[in-house]
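A.B. asks: got a sequence here, can you build the structure:
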Amino acid sequence: MGWAGRKVHMGYCQEAYDAECAAIVHALAVAAERAKCRKLGRVRIFTDAQAAIARMTHDEPGHGQTYAI
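C.D. replies: Residues are numbered from 1 along each chain as shown. Reported below is the predicted structural model:
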């Protein structure tokens, strides 16, 4: 299987942090979609956005809450 990309319109007034959080969420959605068709082993999502990674661990109010939920 080769590499593939997906484009998603973020809307307006978004920052890089929002894009990083959204990318993680979309990667998880792709994995879930593929899991419906076949058994998946481990799923690895690579990112260097430490703040976005930390944000995905809780859904408390604040920046990125929409993505964390």
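A.B. asks: and the helix or strand bottoming out on mean pLDDT in the chain, what does it pack onto?
C.D. replies: The least trusted helix or strand in the chain, going by mean pLDDT, DSSP states H and E, turns out to be helix 65-68, with a mean of 86. In this structure, helix 65-68 packs against helix 16-37, with contacts taken as 3 or more C-beta pairs under 8 Å, 6 or more residues apart in numbering; DSSP states H and E. (Glycine included, C-beta is placed from N, CA and C.)
A.B. asks: tell me the mean pLDDT over the helix it packs on?
C.D. replies: Computed over helix 16-37, the mean pLDDT rounds to 89.
A.B. asks: give me the packing partners of it, helices and strands only.
C.D. replies: helix 50-55, helix 65-68.
A.B. asks: tabulate those helices (JSON lines), appending mean neighbour count.
C.D. replies: Formatted as JSON lines, the helices and strands packed on helix 16-37 follow (neighbours: other C-beta atoms under 10 Å):
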{"stretch": "helix 50-55", "mean neighbour count": "15"}
{"stretch": "helix 65-68", "mean neighbour count": "15"}
